[in-house]
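*Asks:* Sequence first, predicted coordinates after that:
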Amino acid sequence: MGLEEGVHYEVVVTTFSEDGSPHAAAMGCRVVSQPLAILLKPHAESQTGRNLLRARCGAVNVAAPEYIVEAALDLGVVPMSFGAGEVVGAPVLCEASAVVEFSVGEMVRDDVWLRVRGSPVSLKYRQAPARPYSRSAALLVEVAVKLSRVEPFLGMNRREEALRLLSDARALIEDAARLAGGGRLGLLVSAVRERLYSLERRIPP
Ligand SMILES: Cc1cc2nc3c(=O)[nH]c(=O)nc-3n(C[C@H](O)[C@H](O)[C@H](O)COP(=O)(O)O)c2cc1C
């Protein structure tokens, strides 16, 4: 699948929520061997963390940057469709180029994080042409990382960190906009920018 041991990759993790609806979130992931495992670190209060604790299974989906941004910020710009996993009871992202279903082995609380060790139980590839690298899409992923951290910092009354993240995001989004063109990536930039503004409005004076 081309995943190198120890490298931090960004993927879309899919799980089922309590009400049976599929849930997708952008997450960092590492693969280790001997024994083969997928390491994830969802925030303890994230929907993904709660779903993994309850259902004990999920899927790691290798997907284009646009899906990572959508799954992180729930913008409603990039449509995602879900199918049923073939081995475990987890949804899979139909638009992914590769999907690894996993069952949760170990799950340990570490400060505000859950350290999850998943055992891969199936691997599926989908034939898709390689897409050219887009700096705009890559920048949007970086903006999404920063924006997804703002609310947790505000929740901990760490206003200065939240402000710094927003200021970093603001610098990156202008380059992303310049390079995006007017199609779907352009729409995604607009939606991310709107999210940035709405988070800025939530910063206490
Ligand atoms: C590239 C990228 C990587 C991320 N990695 C993680 C992660 O490893 N753990 C985490 O809790 N949130 C991570 N996030 C943030 C979540 O995707 C985002 O907060 C999400 O809405 C929270 O997860 P939930 O929908 O399961 O509640 C990441 C966001 C991005 C854009």
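*Replies:* Nice, I can see it.

*Asks:* Going by C-alpha atoms from here, please, whenever you check contacts or count neighbours.
*Replies:* Fine.

*Asks:* quick one, what contacts the residue nearest to the spatial centre of the chain?
*Replies:* Nearest to the geometric centre of the chain sits residue 26, at 0.4 Å (C-alpha atoms, centre = their mean). Residue 26 makes contact with 10-13, 68-69, 71-72 under the criterion C-alpha atoms under 8 Å, 6 or more residues apart in numbering.

*Asks:* Over to residue 51?
*Replies:* Counted by C-alpha under 8 Å, 6+ apart, residue 51 has contacts 15-18.

*Asks:* What of residue 91?
*Replies:* By C-alpha under 8 Å, 6+ apart, residue 91 lies in contact with 14-16, 22-23, 58-59, 82-85.

*Asks:* what about the nearest residue in space to residue 57 that is not next to it in sequence, neighbour count?
*Replies:* Nearest residue to residue 57 in three dimensions, chain neighbours excluded: residue 103, at 4.2 Å (C-alpha to C-alpha, 6 or more residues apart in numbering). If you count neighbours by other C-alpha atoms under 10 Å, residue 103 ends up with 23.

*Asks:* can you check residue 27 too?
*Replies:* Using other C-alpha under 10 Å: residue 27 sits among 22 other residues.

*Asks:* Run through the bridge partners of it.
*Replies:* residue 11 (DSSP bridges).

*Asks:* pretty sure it contacts residue 14?
*Replies:* No - counting by C-alpha atoms under 8 Å, residue 27 does not reach residue 14; the two are 9.9 Å apart.

*Asks:* which two from the contacts of residue 51 end up farthest apart in space?
*Replies:* 15 and 18 (9.9 Å; C-alpha to C-alpha).

*Asks:* So between the two, which is more surrounded?
*Replies:* The neighbour comparison of residue 15 against residue 18 (other C-alpha under 10 Å) goes to residue 15, with 28 against 12.

*Asks:* Correct me if wrong, but the more buried one is in a helix.
*Replies:* No - counting by DSSP: H, G, I helix; E, B strand; the rest coil, residue 15 is not part of a helix but strand.

*Asks:* From the ligand, how far out is it?
*Replies:* Applying C-alpha to the nearest ligand atom, to the nearest Å, the value for residue 15 to the ligand is 9 Å.

*Asks:* all strands of the protein, in order?
*Replies:* For the chain, strands defined by DSSP state E occupy the ranges 9-16, 22-32, 37-40, 57-62, 82-84, 91-93, 98-110, 113-125.

*Asks:* Now these in a markdown table, please, with extra columns for mean pLDDT and distance to residue 162.
*Replies:* Output for the strands of the chain, formatted as a markdown table (pLDDT from 0 to 100; distance: least, C-alpha to C-alpha, whole Å):
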| stretch | mean pLDDT | distance to residue 162 |
| --- | --- | --- |
| strand 9-16 | 98 | 22 |
| strand 22-32 | 97 | 20 |
| strand 37-40 | 97 | 24 |
| strand 57-62 | 97 | 29 |
| strand 82-84 | 97 | 33 |
| strand 91-93 | 98 | 31 |
| strand 98-110 | 96 | 22 |
| strand 113-125 | 96 | 19 |
